[in-house]
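Trainee: attaching a predicted model along with its sequence, questions to come.
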Amino acid sequence: MLDENNRTNKRFLELQKEIAELRKRLGIANDEKEKWFKRKEELKKEIANSIKEAKNLREEKERINAEVKSNKDKREEQNSTTRGRIVKFKEIRSKTNSKERGKSTEMIKSEIDKIQERIEIEALKFSEEKKLMKKIGKLKQEYESAKKEAGLSDEARKTEREIKESKKTAEELHKKVQELAGESKKKHESYLELSKKIKSMNNEQEKAFENFLKFKEEFNAISKEVDDKLDELRKVKIEIDNIKTKSKEKVDEAKKMILIKKAEDVEMKLKKGEKITTEDLIKFQGKVDN
């Protein structure tokens, strides 16, 4: 019986120690579980923000590409205009270069004015006047030809200016296209880098979730083990309480028997007429009370 009591007490202490150790492990598992859950949620938020940023980058890149296309079209339009003006310039130059450069319109006009003044001032013979009038007619033809040639020269200079202007515009558009293309490339590189980062975070999030599930399962398993140990501890405690109750009852019964024996001794003294002490009376009173 004593061995059984000792085994019960020993098991009670073992259970207390085991439960304390399990609770320690439970706390560690819970901390790990919460840590990985928190990391999973942090990554979820980071991924959502990165996806939004990637979407903005893609939209910005598409906008820039549209602008690149627009500027390329404008540049091609300018180049086409330039080519047309160059053809026109060559045609004008071919017309002006095919003829020998004659007098200027100013010189011819001056000659005509001088002849007309001479006709008006001098008293010329009809034959001379007719000769001078014929010369004026010829000079007027030269004047018209020179005027036309001067117009072609003006048009050539104007066309040359226009060629320079359209070339300059085309160059500016080309420069703009290059700048935008460079910006688009940077956006694309940033987008690819961000996509790579999102993929990496997705992998990390999956691992974090796996760790969370693993420690959650461990937490639940330890929690169940703690509950089982607590149930066993309660049962062992009941056994110990029962043992203590039975032990107390036995002790009380033994005390009662001792008191009865002492009371019987006092009663025997009374019958024999022996001297009774105060202690004897107390012992006897104990029997009467029981």
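Mentor: Yep, it's here.
Trainee: look up phi and psi at residue 122.
Mentor: Torsion angles at residue 122 (phi, psi; degrees, to the nearest 10) stand at phi -80, psi 150.
Trainee: err, residue 124, not the other one
Mentor: Dihedral pair for residue 124: phi -90, psi 150, per degrees, to the nearest 10.
Trainee: which residues touch it?
Mentor: Contact analysis of residue 124 by C-beta atoms under 8 Å, 6 or more residues apart in numbering lists 118, 132. Where C-beta positions appear, they are placed from N, C-alpha and C, glycine not excepted.
Trainee: need the three-state assignment for residue 123.
Mentor: What DSSP: H, G, I helix; E, B strand; the rest coil gives for residue 123 is coil.
Trainee: quick one: it from residue 164, how far?
Mentor: For residue 123, the distance to residue 164 equals 57 Å [C-beta to C-beta, to the nearest Å].
Trainee: point out where this protein drops to low pLDDT.
Mentor: Scanning the chain for pLDDT under 70 picks out 1-2, 95-106, 108, 139, 142-153, 251-252, 254, 258-267, 269-290.
Trainee: ranges for the helices of the stretch 1-150 of the chain?
Mentor: 2-97, 105-121, 126-272 (DSSP state H, counting those that start in this stretch).
Trainee: now mean neighbour count too, for these, in CSV please.
Mentor: Shown next, in CSV, are the helices of the stretch 1-150 of the chain (neighbours: other C-beta atoms under 10 Å):
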stretch, mean neighbour count
helix 2-97, 14
helix 105-121, 14
helix 126-272, 14
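Trainee: residue contacts, the spatially most central residue of the chain?
Mentor: Nearest to the mean C-alpha position of the chain, by C-alpha atoms, centre = their mean, lies residue 50 at 1.9 Å. Going by C-beta under 8 Å, 6+ apart, residue 50 touches 194, 197, 198, 201.
Trainee: now residue 240
Mentor: Here residue 240 is in contact with 8, 9, 12 (criterion: C-beta under 8 Å, 6+ apart).
Trainee: the closest residue to the first one other than its chain neighbours and residue 12, how far apart?
Mentor: The shortest distance from residue 8 to any residue other than its chain neighbours is 5.3 Å, reached at residue 239 (C-beta to C-beta, 6 or more residues apart in numbering). If you measure residue 239 against residue 12 using C-beta to C-beta, the figure is 8 Å.
Trainee: all good on my end, thank you.
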